[in-house]
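Participant: Take this sequence and fold it.
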Amino acid sequence: MKITNVTTYVVADRSQNQIGARMDWQWVFLKVETDEGVTGWGEAGASARASGVAMGTAIEHVKEAVIGENPMDIERLWHKLYRRFSYMGSRGFGTSLTAGFDTALWDIKGKVAGMPIYDLLGGRFRDPVRLYCNVWFRGCSTPEQYAEAAQKNLLDEGHDACKLDPFLEMVPFHTMYQDGQISNEGEQLGYDIVAAVRETVGPNHEILIDAHGHYNVPTAIRLANNLYEQSNIGWFEEPVPPESYDALREVREHTAAPICVGERLFTRYDFIPIFRDRLADYIMPDTIWTGGISEVKKIATMAEAYYIPVAPHVVPGGPIELIAAAHVVSSIPNFYRLEHSQFNISTHNEMLKEPYVIKDGALHLNGKPGLGYEPDEEWLLANLHPDWEVASS
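Facilitator: Prediction:
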């Protein structure tokens with residue numbers, strides 16, 4: 001079997017963030033075709049505004065590296081693509097690109113074998129896959145609104161775990177580090193929001209906090225400890241920017257709240273200090289950004305040796321990332337929960353020929369070969385990002 005063609009689709013996602021501002025993200029999908037008529041689908045990374053078109057262009061430029069290759073050679077082709085970026089840094093953009101091919105090749109292998117990917121990875125530990133609900137609070141700005149949304153979008157939908165960033169003052173700095181601090185008023189509003197959610201969902205519901213790497217060391221320590229004491233949070237995620245393991249160690253040593261990191265760490269190599277120095281209670285590698293199904297499985301196996309739970313990050317990814325991550329965590333023992341976006345479910349399922357099923361706080365895979373799901377190409381073509389239509393014409 002040989003790879004004969006790779007087609008790239010950059011799709012517009014004009015969703016809004018938690019306070020209603022337009023995000024203008026993109027989703028990037030690729031289709032790998034073979035000379036035996038078996039086709040695989042993957043999703044590549046688009047982790048910042050306008051990065052989708054850049055990623056799609058990069059895929060078009062590197063796809064010649066896999067055309068003519070045997071799609072069964074997943075590990076070798078992963079390294080072939082990953083190493084193309086060695087002299088400018090393979091981790092991040094390079095791994096996000098490699099992930100798209102990697103997932104498509106696993107999809108092909110599963111279809112050829114007549115088996116779901118989780119069976120190729122060793123078989124199931126669980127069915128269905130436990131979730132925690134993210135992006136359930138769109139349009140909320142007061143504790144009362146968060147409480148109402150928690151009832152409607154969490155409890156009424158059967159969820160028993162959720163995540164939020166309650167510090168709304170920091171939303172304008174979501175992708176940057178300003179000075180690492182927050183005002184007294186902004187801090188108190190965050191505490192009040194979490195307290196309102198806790199009162200609504202009750203003591204047994206898990207509340208996870210995303211700090212988005214906004215804070216300096218003393219601020220992160222204070223916020224984490226206060227939230228843990230006041231509202232019994234399940235973890236405090238990315239307390240400081242991801243570049244400094246030393247800063248993370250300082251926070252870890254002075255907080256009672258469990259710490260989760262990993263969405264901005266790339267490949268097994270970035271996770272070595274986390275495991276070696278015991279810098280986190282949970283890890284959350286992003287299935288795309290870190291390199292795809294192959295790499296997340298390896299990271300999870302490394303974490304298993306330290307008995308650290310894995311909770312893959314998938315937001316704001318598309319449906320292929322969510323499904324790919326579900327296959328991986330179905331096959332590992334050290335699994336906590338898989339992230340999902342409440343407000344993306346309908347859009348995700350518009351993209352797919354067969355919708356995925358989320359019921360009672362869990363994702364139920366369909367058991368079909370490969371990923372088990374395929375995008376609807378007509379929908380993709382009808383929703384291409386306008387800049388990609390120009391670039392690909």
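Participant: Below-threshold pLDDT in this structure: ranges please.
Facilitator: 14-24, 47-50, 390-393 (pLDDT under 70).
Participant: Remind me what the longest helix anywhere in the chain packs against, helices and strands.
Facilitator: Of all segments of type helix in the chain, defined using DSSP state H, the longest is helix 93-113. Where contact means 3 or more C-beta pairs under 8 Å, 6 or more residues apart in numbering; DSSP states H and E, helix 93-113 is packed against strand 25-34, strand 39-44, helix 51-62, helix 74-82, helix 117-120, helix 293-304, helix 319-330. For the C-beta atoms, the positions are set from N, CA and C on the backbone; glycine is no exception.
Participant: I'd like these written out as TSV, with distance to L338 and mean neighbour count added.
Facilitator: Supplementary listing: the helices and strands packed on helix 93-113 in TSV, determined by distance: least, C-beta to C-beta, whole Å; neighbours: other C-beta atoms under 10 Å:
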stretch	distance to L338	mean neighbour count
strand 25-34	18	24
strand 39-44	15	27
helix 51-62	23	20
helix 74-82	22	18
helix 117-120	13	22
helix 293-304	11	22
helix 319-330	6	27
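Participant: right, so of these, which gets closest to V217?
Facilitator: Closest of the helices and strands packed on helix 93-113 to V217 is helix 293-304, at 24.8 Å (criterion: C-beta to C-beta).
Participant: Can I get the closest one in CSV? Just the C-alpha atoms.
Facilitator: Provided in CSV are the C-alpha atoms of helix 293-304 (Å, rounded to 0.1, in the frame of the first residue of the first chain):
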residue,chain,number,x,y,z
ILE,A,293,-2.0,9.5,18.9
SER,A,294,1.5,8.0,18.8
GLU,A,295,3.0,10.7,21.1
VAL,A,296,0.2,11.0,23.6
LYS,A,297,0.3,7.2,24.1
LYS,A,298,4.0,7.4,24.9
ILE,A,299,3.6,10.3,27.3
ALA,A,300,0.8,8.4,29.0
THR,A,301,3.0,5.3,29.4
MET,A,302,5.8,7.5,30.9
ALA,A,303,3.3,9.0,33.3
GLU,A,304,2.1,5.5,34.3
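Participant: what packs against it?
Facilitator: Judged by 3+ C-beta pairs under 8 Å, 6+ apart, the packing partners of helix 293-304 are helix 74-82, helix 93-113, helix 267-276, helix 319-330.
Participant: Tabulate these in a markdown table, adding columns for distance to G122.
Facilitator: Formatted as a markdown table, the helices and strands packed on helix 293-304 follow (distance: least, C-beta to C-beta, whole Å):
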| stretch | distance to G122 |
| --- | --- |
| helix 74-82 | 15 |
| helix 93-113 | 13 |
| helix 267-276 | 18 |
| helix 319-330 | 9 |
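Participant: Which among these is found nearest to P312?
Facilitator: P312 sits nearest to helix 319-330 of all the helices and strands packed on helix 293-304, at 4.3 Å, using C-beta to C-beta.
Participant: hmm, back to that, want to try CSV for the helices and strands packed on helix 93-113, with distance to I3 as columns?
Facilitator: Below are the helices and strands packed on helix 93-113 laid out as CSV (distance: least, C-beta to C-beta, whole Å):
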stretch, distance to I3
strand 25-34, 6
strand 39-44, 9
helix 51-62, 13
helix 74-82, 9
helix 117-120, 18
helix 293-304, 17
helix 319-330, 18
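Participant: Enumerate every residue touching the residue nearest to M115 when sequence neighbours are not counted.
Facilitator: In space, and not counting its chain neighbours, M115 is closest to P369: 5.8 Å by C-beta to C-beta, 6 or more residues apart in numbering. Remark: with contacts taken as C-beta atoms under 8 Å, 6 or more residues apart in numbering, P369 is in contact with 110-111, 113-116.
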